[in-house]
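Asks: Whatever this is, show me its structure:
(chains A, B, C and D)
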Amino acid sequence: MSATVETLEAIERPPVTMGSRLEGELLEVSMGPQHPSTHGVFRMNVALEGEIVRKLKPVFGYLHRNHEKIGENTSYLGSMPYTDRLDYFCSMTNNWAYALSVEKLAGIEVPERAQYLRIILAELTRLQNHASLLGFLLNDMGAWGTPLMYAFREREKILDLFESLSGSRMMCDYMRFGGCRVDADDAWLARARQIVDRFPKFLDEFEELILGNEIVIGRTQNVGKLSADLAISAGITGPMLRACGVNYDVRKVDGYGFYPRFKFRIPLGEHGDTYDRLMMRALEMRESVEILKQALAQIQPGPIVNPKVKIRAFRPPVGEAYGRIEAPKGELGFYLISDGGPNPYRYRVRPPSFINLTVLEDLCLGHTVADVMVILGSVDIVMGEVDR
Amino acid sequence: MSEGQMDEALRRELQRQGVWVTSMQELYNWGRKNSIWPLQFGLACCAIEMIATAASRYDIARFGGEIFRPSPRQADLMIVAGTVTKKMAPQIVRLYNQMADPKYVISMGACAISGGPFKQGYNVLKGIDRYIPVDVYIPGCPPRPEALLHAFMELQRKIDEQKLTGADKAAHLDPQQPSEFPVPAFGRHDLEPPANADVFQPPKLERV
Amino acid sequence: MIGTGILKGMAVTARNFVGSYFDEERLITVQYPEERNPLPENYRNFPFLLYDGDDPHAGLRCVACKICEKECPPQCIYIVKSDDKKPDYMGKPQFYPKVFDIDISVCMSCQICVEVCPFEAIKMDKDFELSKRERFNHLLQRKEELSKPNEYYHSICPTEAADVDAKLAAAAEAAAKKKAAAAPAPATPPAPSGSSSASASS
Amino acid sequence: MESLEQIKDRAETAIPGAKIDIVPNPGPANQPSLLIDNEHAPAIAKFLRDDAALRLDFCSNVTGVDWLDRVAKKTVKVKKVVDGEEKEVNQTTEEKIPGYLEAVYHLYSITHKHGAVIIRMRTEDRAAGARLPSLTPIWRSAEFQEREIYDLYGIRFDGHPDLRRILMWDEFEDHPMRKDYVQPDDFEWEPTPHDDVLARAKQHYTPRPELDGAEKITAGSGDTLKR
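Replies: Predicted coordinates for the structure are as follows:
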């Protein structure tokens, strides 16, 4: 189906100033940390003039669970299950980013089959993350429950795949330095192929459900516009950056893993508004399906872990490394400093959704308070990663 | 009102004849246990499993708990789903205080019970039961949706056992029992106080 | 025309609603307590200790080497080593854990204890219905609750358990051969109390 | 992309008085970095961002590192006259390096798709009021991340538009990511402790005379805020 829908002139946006407001009075409202649509324990202090947002200050830290401090006190392997809990929708990509950084730090090669498995799992993660994001976003817009139920129906199928491979639905703890923990058998790959083949059917249906919907268009087009210059300066990454028309995808730029072997396109937006950000997710899912089809066709039997890497008493040489990948929410990086000991001296996570919130105030100014939830939803945050 | 004094055999016989006999207590508990409205309130990873429990596959509506209320005033059950940080703890106690009696707390997942894997963190509260009483604990990180349903049924059993009268009547019917708990304050190094001694009474551990 | 998008969306919901009565794809609710989805073989929840044979004390594979205690990222295992020794599955005298506690209110099911255990003594259980009304004593699992027989392991993870048994049997055989080659005179080592034979035959 | 030496030379010529050192990285990752002097840091950062060949317009990651006081042992071969003949002798010198706090910036270019160039700045010491110039005016993405460094490490960034605590509450006084931070002791119920936790938990376990005979151990009955 066509992915572009023209702007609807017929729908009028509410006037920017409200007639009956008190002159010059700003009302300060604290939204969150317990709020139905803040996607976790996020809080915004908003100054309102009538219904229009004049100031917005995000307040963080309600889920600051000291990931970095704990990472500096446990072994390199011991941090792997903690990375699952960063962005708890995407444990596989978190695992990969951390494994990639440690592999850079210690100079470890990864066998071919493990690279394929990593790509398959990372793209499946992208599918379920984007699907549930669209569901949540529509939920915030007032499409109560229904799209979320459809999205979670698909997500459950992918979680079943994760569970039968790694043993857990969400906290997979699947990757290891120099490979993966367990091998996927043929039955698993066949099931994955089947789910990937059926996924476009869900996408068609979902796009039919929401993308042409006049209410969705009215609520999202021209709402929360972000310019490309500001996006680059503010370090915005992932679908949010590409919605502004900036062609930057770490999968293409760094070419980590075996991504250069696959043919896929990077969808780009034009306006940088909420609708483009929403579309970006829908289009990226289609490209992920393409990558998955290629990867599932090409994967060959072989070893899945580098035998030289010890599980216990793993001590990388002295040095530092910054490794990054394109996680579903943006650039996820790990910065590690090793002093030669069993624990990292410095363990730093570069959380994409935290840095993507830098421009939240710029996006929301001048919009109504009801739009704040929609804009926040389109940024795609997960508090586990924002606060760590 | 026959307070469960009726002969079981007679009751069964009457039921067979189409006469449904019940006690006030049973009726009251039956109504409450089948319409538990949880507070729509998620903290971390476990909240996603809580949403999955409410979503299509597990469907908590089958137990009468589908109406997640965003306002504590309308909720009966607080599912503490996820890591409670010290920055968040005062807000949780405040939410609990705002809920109307009778109210129940499910502590979902390792973090909410004891701080879980993050318990060594400087900003992580080692268990929400330091400030508010908890009715059911679900271990797991995160617990499967089925485990949450299991805990939900456990809570229903607990509600069913509550007495309306007598010395051991339910806490919310006893005016002596507190229904609100003090909200901790942000201190210079830690929450003040670090635990509510009236609620948090761990047994003494003997170790060599 | 305005409104077509909404109508299209309503057609999708209608399709889902009608489909939810007969379409397998759209009819996915699991009626949990009565009906359960089968857990996959790899599913893991909390660790337990394995023992061979019938006696949880004599057959316990754990030798209290404390590697899992050290490697456990959230530190939820507590072991006190015994003062005396007992024979292990190969008949070699080994220490055993006097105290082995796992605090499942802390455990994050990461499986690292299983990966690092050199004795195949600790495995992941699949029981998830563990909701309790009391935290302090009910969620701290002691050695007695943790010890489970090898048959139980076979019942929850048949393929993996068979692999582990084959591996242990091969190791026992190699050790016996080595012993026989090194000291040919006392040919028969004292039979371990039914442990290795039980695991090899199953 | 140019080598770090070339960048260093060009920046030093473009900005008079600027001083840049190259910090080597011995590990296999081989990501050496530029140590820029605090006084000229904003000018150097602006140069890196605006220079046509570099265009490092995307500041990806900003983070703090805490380096404690340490002793570096250096072994140098020295020629010495021992017993009348000249010999090469290993001489070990101990150099005391005072601790400092560090801010590390990972820069990439979206225009040219190259990177990473890593720059770092160091404070004079680890005192509470340690200062560095803020690079938020150059790269907006540093805004929250520099606030986070201030919160967790206590580096004050001059020129930051809104330097407040970000993750911890406002009343909090410590900087918890520092290596010498002592966290509050709340190990009243720790059934499975080991390592350093055991030492801290033990005082809650061992029978304490003032509590013997007491009905319960209450939180806060010990010196829970002993620091």
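
Asks: how about the closest residue to C:Met90 other than its chain neighbours, secondary structure?
Replies: Once flanking residues are discounted, C:Met90 sits nearest to C:Ala172: 5.3 Å by Cβ to Cβ, 6 or more residues apart in numbering or on different chains. The way it works is simple: take the backbone N, C-alpha and C, and place the C-beta from them, glycine included. Under DSSP: H, G, I helix; E, B strand; the rest coil, the three-state class of C:Ala172 is helix.

Asks: Now do C:Ala172 against C:Glu120, distance only.
Replies: 12 Å (Cβ to Cβ, to the nearest Å).

Asks: cool, and A:Ala151?
Replies: Taking Cβ to Cβ, one finds A:Ala151 at 41 Å from C:Glu120.

Asks: So for those two, which residue has more residues nearby?
Replies: A:Ala151 (25 against 20; other Cβ atoms under 10 Å in any protein chain shown).

Asks: Look up phi and psi at C:Asp103.
Replies: phi -90, psi 100 (degrees, to the nearest 10).

Asks: Quick check: bridge partners of it?
Replies: Beta-bridge partners recorded for C:Asp103 (DSSP bridges): C:Leu140.

Asks: what about it, neighbour count?
Replies: For C:Asp103, using other Cβ under 10 Å, the count is 25.

Asks: tell me the pLDDT at it?
Replies: The model reports C:Asp103 with a pLDDT of 89.

Asks: need the contact list for it.
Replies: B:Ser114, C:Cys76, C:Tyr78, C:Leu139, C:Leu140, C:Gln141, D:Pro191, D:Thr192 (Cβ atoms under 8 Å, 6 or more residues apart in numbering or on different chains).

Asks: The fifth one is in contact with C:Ser105, isn't it?
Replies: Yes - in this structure, C:Leu140 is within contact of C:Ser105 by Cβ atoms under 8 Å, at 7.5 Å.

Asks: Neighbour count for the two, which is higher?
Replies: Comparing C:Leu140 with C:Ser105 by neighbour count (other Cβ under 10 Å), the higher total belongs to C:Ser105, at 32 against 20.

Asks: so the more buried one, which of the three states?
Replies: coil.

Asks: Contact partners for the residue in the stretch 1-150 of chain A that chain D sits nearest to?
Replies: Nearest residue of the stretch 1-150 of chain A to chain D (Cβ to the nearest Cβ) works out as A:Gly107 at 3.0 Å. Shown in contact with A:Gly107 (Cβ under 8 Å, 6+ apart): A:Pro317, D:Gly27, D:Pro28, D:Ala29.

Asks: sorry, back to before: neighbour-wise, which one of the contacts of C:Asp103 leads?
Replies: For these, neighbours tallied by other Cβ under 10 Å; top is B:Ser114, 32 neighbours.

Asks: Quick check, C:Ser20 in contact with C:Leu27.
Replies: Yes - C:Ser20 lies in contact with C:Leu27 (Cβ under 8 Å); the separation is 5.5 Å.

Asks: can you map out the helices along the stretch 251-388 of chain A?
Replies: A:274-298, A:352-356, A:360-364, A:369-379, A:383-386 (DSSP state H, counting those that start in this stretch).
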